[in-house]
Structures are given as structure tokens and as C-alpha cells.
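K.L.:
below are the sequence and a predicted model for it; my questions follow.
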Amino acid sequence: MKFRQLGRTDIKVSEICLGSMTWGTQNTETEAHEQLDYAVGEGVNFIDTAEMYPTTPRKPENTGLTEKLIGSWLNRRTDREKLVIASKITGEGNKSIRDGKRVDGPMIREALEHSLYRLQTDYIDLYQLHWPNRGSYHFRKYWTYDPGNQTPGNMEQEAADILGEVARLQQEGKLRQFGLSNESAWGTMKFMKVSEQHNLPRPVSVQNEYSLTCRIFDLDMAEVSMRENIGLMAFSPLAAGGLSGKYLDGDIPAGSRRSMQPNLNGRYVPQTEKAIRRYREVAQKHGLNLAQMALAFCLTRPFMMSVIIGATSLEQLQNNIMAKDLVLDEEVLADIQTVYRDMPMPM
């Protein structure tokens, strides 16, 4: 397993991060613990969760259940200091958590304290805003995105309030670093500006969607990421399982994401299926496993800090983690680029 720096910190994280949003619905506590044990045994030290998980499906009564399952696993281990645990605070719009209020400093403290309790740990290594208070263009909202309709409020004041509380929590030893998620270039730079102006904690990462079929990060956000050393934590690198190829022939396995979300939150539409079929042809041409090729491609990107993988079975997890050893040659990358030029926005 290779490791990369968490922003400008001295924390090193595995380039593959274990995601957890199926634990508690699609996966039992025993299965979650099996995945954790296996991943850590393969060198993964980075585990990502959120207070709102599980989300497959998302039910208000399940809020925090995934953190509890991770907590029961952490409680029996003696190597907590070797692990990097990341979680996220749910923001504006989710009415089932704090009535969907905008995130502010006091809310950061309240949510973090609850996550610490569920995770059975004294500190969280990376605490992230799940999405901006003003909303974002992610999750296929870019097709109707209009920043003129947003309500950004006084973002610099909000950022100073949030980062000020992060600083106090850091001083108390309850969290180590702060990150963003589902953010834009403008929003990321606003946080950077406030951090520098007021000598407050600097965001070290941004967790946005990235995959062969979702590459909007390649433009403005890539520049921000590389110039400001704020690495990408890529979520849905397999497009919610679509890039495994398992849905191509019309098969929707019982218990799979598509059995609950037919279009995988907009990730699986006719155009997407055409692109995935093309990428499968590339993998077959070079004798590669499609899922591993898709993950290995993400790891080639210069702004990538860690790729978040999730699985509903140990077999899937084993297959995905094998991507850490796959090196894509120039011919494979050229074939991938050909498909990308033909179908740059298939979802």
C-alpha cells in the first residue's frame, strides 16, 4: 500500500480509503468488522464515514448507525493511533438532522461530540463539511446549476465562525484536521482566504465525486487542489458500482444499489451505460478487470490524495483493493482518453 500526505500536514494516509456508507443497512455489524479487518490487514489506514450514514437506503432513524458500528470495532483495537478516521457533519437542507440548519461553529462542536461518542474515540483525525451551506452543483445538479439562485450569505463570516470552532476543538485534542466536501473552486478558495487572514486552521482535503464517468474535478478544482495542496478524496470512483460492469447486461442483483436506486442517483442512465461499455472494451483489450482499471486510473491523477472504495461483500472489497498494485501503461491511458474525448459527460 502506498501512502500520501494529508494536505500540508505530517499525517500520511493510504491511497485507498475504506468507505462505510452501506454499513448498517446493506451490511451487518459483523460484515462491517470483517471489511475493516481485511482492509487494515492490506495496509489501509484511512476510514471515511459521516454522521448521516448509512445511506443505502437513507432513513432518518438510522442516522449515526454506521459510526456506531465503526465504534464497536475501534473499541476492541489497540492501534487507534495508527488509524486515520474521517467523518463529516451534515449541512443545510437535510431536514432529518438538526432540521436542516446551516452549519455554524456551535453546530460543529455539537455534531463532533456526538460522533466521538458513537465512534468510541477521543478524537477524529479529519472532520469535513459534508456539503456547503449554500448548496452545490454536485450529484448531477450541474445540469441546472445557477449560482445566482444560491443563498451564500456572508460566507467569509460563516467560514471564520466554523474554522474558529475547529481551532478550539483542535486545542482540546478532539479533532486533528478539517476538510471540505462537495465544494467548488470558489468555495474552497474562500475557506483558504479566511484561514490565511485570521490565522485559522486550513482545509487539508476536499471530498468530491470522481470517476471515469464523472471528471468535472479535472478543471478548476484540479488547479486549486494542486496549487493549494488540498488533495482530493474521491468518492464514488466506481460510479456506485456501475463501473464494475455488473449492470451492463440488464442484471440488477438483489440487494445491490440499483435494486434500491434504479439510476444510482443519476449515475446510471442510457448515456452512462454506453460509456461504461466502452470502458469495459478497453479493459478487455488489455486483459484488465474493469473495476480495478477504473480505480487505478483515479490513482494516476496528480491531485489525488486517496480514493474511497466501498463494498457490500468481502469479495468486492478484495477485488477493489487489488487496484493498489495495478499500473496502467501509456497504451491503456491513451485508450481511456479516447473514450473520454468521445463521452466526457455521460451522466
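P.N.:
Looks like it came in fine.

K.L.:
so what does the host helix or strand of Met221 touch, helix or strand wise?
P.N.:
Element membership of Met221 [criterion: DSSP states H and E] is helix 220-228. Here helix 220-228 touches helix 185-198, strand 205-209, strand 231-235, going by 3 or more C-beta pairs under 8 Å, 6 or more residues apart in numbering; DSSP states H and E. In this view, the C-beta of every residue, glycine as well, is placed from N, C-alpha and C.

K.L.:
mean neighbour count, those: which tops it?
P.N.:
strand 205-209 (a mean of 26; mean count of other C-beta atoms under 10 Å).

K.L.:
can you give me how far it is from the chain middle?
P.N.:
6 Å (C-alpha atoms, centre = their mean, to the nearest Å).

K.L.:
how about residues contacting it?
P.N.:
When contacts are defined by C-beta atoms under 8 Å, 6 or more residues apart in numbering, strand 205-209 is touched by residues 6-7, 48, 88, 126, 128, 138-139, 177, 179-183, 188, 217, 221, 225, 230-236, 305, 308.

K.L.:
repeat for stretch 86-94
P.N.:
Residues from elsewhere that reach stretch 86-94, judged by C-beta under 8 Å, 6+ apart: 17, 46-52, 67, 97-98, 100-103, 107-108, 111-112, 115, 119, 124-135, 179, 181, 207, 233.

K.L.:
and Ala275, that's in a helix?
P.N.:
Yes - counting by DSSP: H, G, I helix; E, B strand; the rest coil, Ala275 is found in a helix.

K.L.:
my read: it touches Thr213, true?
P.N.:
Yes - here Ala275 reaches Thr213: they are 5.5 Å apart, a contact under C-beta atoms under 8 Å.

K.L.:
of those two, who's got more company?
P.N.:
Thr213 (28 against 22; other C-beta atoms under 10 Å).

K.L.:
list the contacts for the more buried one?
P.N.:
239, 242-243, 267, 272, 275-276, 279, 346-347.

K.L.:
rerun at 10 Å
P.N.:
Taking C-beta atoms under 10 Å, 6 or more residues apart in numbering as the criterion, Thr213 is in contact with 236-239, 242-243, 267-268, 271-273, 275-276, 279, 294, 339-340, 343-347.

K.L.:
same question for Leu328.
P.N.:
286, 288, 292-293, 296-297, 299-300, 335-336.

K.L.:
likewise Ala160?
P.N.:
With C-beta under 10 Å, 6+ apart, Ala160 has these contacts: 105, 154, 191, 194-195, 197-198, 200.

K.L.:
what do you get for Ala240?
P.N.:
56, 209, 211, 247, 256-258, 261, 263-268, 310.

K.L.:
are any of the contacts of strand 205-209 buried, and which?
P.N.:
6-7, 48, 88, 126, 128, 138, 177, 179-183, 188, 217, 221, 225, 230-236, 305, 308 (16 or more other C-beta atoms under 10 Å).

K.L.:
overlap in contacts, Ala275 and Thr213.
P.N.:
Contacts common to Ala275 and Thr213, judged by C-beta under 10 Å, 6+ apart, are 239, 242-243, 339-340, 343-347.
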